[in-house]
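# next come a sequence and a model predicted from it.
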Protein chains: 2
Amino acid sequence: MSKDNVITQLSQVFRQYGYEGTSLSKISEATGLGRASLYHYFPKGKQEMAATVLDHIYSALEKDLLTPLQGDGKPADRIRAMCQTVREFYNSGRSSCFLDILSIGDAQTLFQSPIRRTLNAWLNTLTQVLSEAGLDPESARHQAENAIIQIQGALVLSRCLGNTDPFERVIENLPETLGMGSGE
Amino acid sequence: MSKDNVITQLSQVFRQYGYEGTSLSKISEATGLGRASLYHYFPKGKQEMAATVLDHIYSALEKDLLTPLQGDGKPADRIRAMCQTVREFYNSGRSSCFLDILSIGDAQTLFQSPIRRTLNAWLNTLTQVLSEAGLDPESARHQAENAIIQIQGALVLSRCLGNTDPFERVIENLPETLGMGSGE
DNA sequence: GTCTATAGTATGATAGAC
DNA sequence: GTCTATCATACTATAGAC
């Protein structure tokens, strides 16, 4: 069992149950490893597991979202590509966001710096793209925030209702919401 | 110590720590009651405590939000009143939403029906008001969803960033986002 | 109505065999 | 690298005194 494989399984448990709701027993069951075996990969225990997950999230964000967003296509095309990646990442609205989940309770204090780092990276990159598309700095920043607000809100609504329609609709309409319906 | 008083304290703990992150010790500390004393008010224990909180949320929503929304003023005025109530309820973005928090992990299964009941009541009432304002049924429903999506998303963003600005901005702009800037 | 005491279980973590 | 066995602690919940 490779560490990357373990982290992937780990992530799904944390994202579903949250930090305090995730027990080593649940992780043990999900990975097939005994509770004690997990300490081979994560000597500092549960806290290190969640921190590692957040680290992987940041890397994935950078690789699959931020780098493409900084590409050289039309801004509108890059935004559309982002929407597709976002849809896949959140499993069409069936999976929650780690940043939402891991910003609750004691986890908020424990992981606020990686959470803010990740969120700010996304916000800043989006702001830059929207600036390139012609928005003034303040509007660009606000629209970047609006995009993430809509994604997060749609995830919450879809989770509460047990229905992916709100998420799908938000993702579908996000490009034109940001003022890039078809052209640049 | 009245039961209503206990419920108020309870709510703050659940909303901050989530269902699994809330221990009877934390509740005991917040209320000043011994762990065992809590069973006098809630014989079925922790699960009944959270269920009671959700029940209170529903009542508060109905009384402070839905009834005013169904009043006889202009739709735009009623929406603006809702925004002010929402701002107070979420403590200007410093407090999380119970529906977000209690839809995670095992709590999702335990409380999905009161959560959906509450959310649908809000959505349906908002849809009705937006219909009165002249929107066709489909648009009214979508705009109602959009309002709640923006509120929930802004709460998540503000919580993650430790900054109430996004929430404040969303609430400020919500009326015009819904197409009722100043007039009808 | 609130308490002390405690039962029974689950938790995160460690030691050490293989 | 994975395991069994175990520790110390925290948890939810209950019994019963006052």
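Done, it's in. None of the values given here were measured: they were computed from a predicted structure.

# pull out the buried residues from the strand or helix carrying residue A:88.
Assigned by DSSP states H and E, residue A:88 belongs to helix A:75-89. For helix A:75-89, the neighbour count (16 or more other Cβ atoms under 10 Å in any protein chain shown) marks A:75, A:76, A:78, A:79, A:80, A:81, A:82, A:83, A:85, A:86, A:87, A:89 as buried. Just so you know, the C-beta spots here come from the backbone N, C-alpha and C atoms, and that holds for glycine as well.

# what ranges do the strands span in chain A?
For chain A, applying DSSP state E gives no strands.

# residues of it that sit close to DNA strand D?
Residues of chain A lying near DNA strand D by Cβ under 7 Å from any atom of the strand: A:1, A:32, A:33, A:34, A:35, A:36, A:37, A:39, A:40, A:41.

# among these, find the lowest-pLDDT one for me.
Taken together, the residues of chain A next to DNA strand D show their lowest pLDDT at residue A:1, with 79.

# would you agree that residue is in contact with residue A:33?
Yes. Using Cβ atoms under 8 Å, residue A:1 is in contact with residue A:33, at 6.5 Å.

# mind checking which of the two has more residues around it?
Legend: neighbour count by other Cβ atoms under 10 Å in any protein chain shown for residue A:1 and residue A:33, higher for residue A:33 (18 against 12).

# so who does that one touch?
Shown in contact with residue A:33 (Cβ atoms under 8 Å, 6 or more residues apart in numbering or on different chains): A:1, A:6.

# mind redoing it with 7 Å?
Taking Cβ atoms under 7 Å, 6 or more residues apart in numbering or on different chains, we find residue A:33 in contact with residue A:1.

# mind telling me which residue of chain A is nearest chain B?
residue A:153 (2.8 Å; Cβ to the nearest Cβ).

# neighbours around the nearest residue to that residue once chain neighbours are set aside, how many?
Nearest non-adjacent residue to residue A:153, counting by Cβ to Cβ, 6 or more residues apart in numbering or on different chains: residue B:153, 2.8 Å away. Neighbourhood size, residue B:153 [other Cβ under 10 Å]: 28.

# residue B:153 touches residue A:145, doesn't it?
No. With contacts counted by Cβ atoms under 7 Å, residue B:153 stays clear of residue A:145, the gap being 9.2 Å.

# quick one: buried residues of the longest helix along chain A?
Assignment by DSSP state H gives helix A:106-132 as the longest helix of chain A. The neighbour-count check on helix A:106-132 (16+ other Cβ under 10 Å) flags A:107-108, A:110-112, A:114-116, A:118-119, A:122-123, A:125-131 as buried.

# which residues of chain A score low on pLDDT?
By pLDDT under 70, the low-scoring segments of chain A are A:183-184.

# what segments of it are helices?
A:3-21, A:24-31, A:38-41, A:46-61, A:67-69, A:75-89, A:98-101, A:106-132, A:137-161, A:165-177.

# closest one to residue B:140 among these?
Among these, the nearest to residue B:140 by Cβ to Cβ is helix A:165-177 (14.3 Å).

# can you mark which positions in that closest one are buried?
For helix A:165-177, using 16+ other Cβ under 10 Å, the buried residues are A:166, A:167, A:169, A:170, A:171, A:174, A:175.

# what angle sits between it and helix B:137-161?
Helix A:165-177 runs at 90 degrees relative to helix B:137-161, counting by axes from the mean of the first three to the mean of the last three Cα atoms, to 10 degrees.

# give me the contact list for helix A:165-177.
A:76, A:79-80, A:83, A:86-87, A:90, A:92-93, A:147, A:150-151, A:154-155, A:157-158, A:181, B:145, B:149.

# using PDB, write out every CA atom in it.
Output of helix A:165-177 as PDB, limited to C-alpha atoms (Å, rounded to 0.1, in the frame of the first residue of the first chain):
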ATOM      1  CA  ASP A 165     -29.100  20.100  -9.200                       C
ATOM      2  CA  PRO A 166     -28.200  23.400  -7.500                       C
ATOM      3  CA  PHE A 167     -24.500  22.700  -7.800                       C
ATOM      4  CA  GLU A 168     -24.800  21.700 -11.500                       C
ATOM      5  CA  ARG A 169     -26.800  24.800 -12.300                       C
ATOM      6  CA  VAL A 170     -24.300  27.100 -10.500                       C
ATOM      7  CA  ILE A 171     -21.300  25.500 -12.300                       C
ATOM      8  CA  GLU A 172     -23.200  25.700 -15.600                       C
ATOM      9  CA  ASN A 173     -23.900  29.400 -15.200                       C
ATOM     10  CA  LEU A 174     -20.700  30.500 -13.500                       C
ATOM     11  CA  PRO A 175     -18.900  31.800 -16.700                       C
ATOM     12  CA  GLU A 176     -21.700  34.100 -17.600                       C
ATOM     13  CA  THR A 177     -22.300  35.100 -14.000                       C
END
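
# between helix A:75-89 and that helix, find me the angle.
Using the same axes, to 10 degrees: helix A:165-177 against helix A:75-89 is 170 degrees.

# before we move on, the earlier item: any idea which of the buried residues of helix A:165-177 is closest to residue B:50?
residue A:166 (24.5 Å).

# which residues does the nearest residue to residue A:117 once chain neighbours are set aside contact?
The spatial neighbour of residue A:117 that comes closest, neighbours along the chain excluded (Cβ to Cβ, 6+ apart), is residue A:58 at 6.7 Å. By Cβ under 7 Å, 6+ apart, residue A:58 lies in contact with A:114, A:117, A:118.
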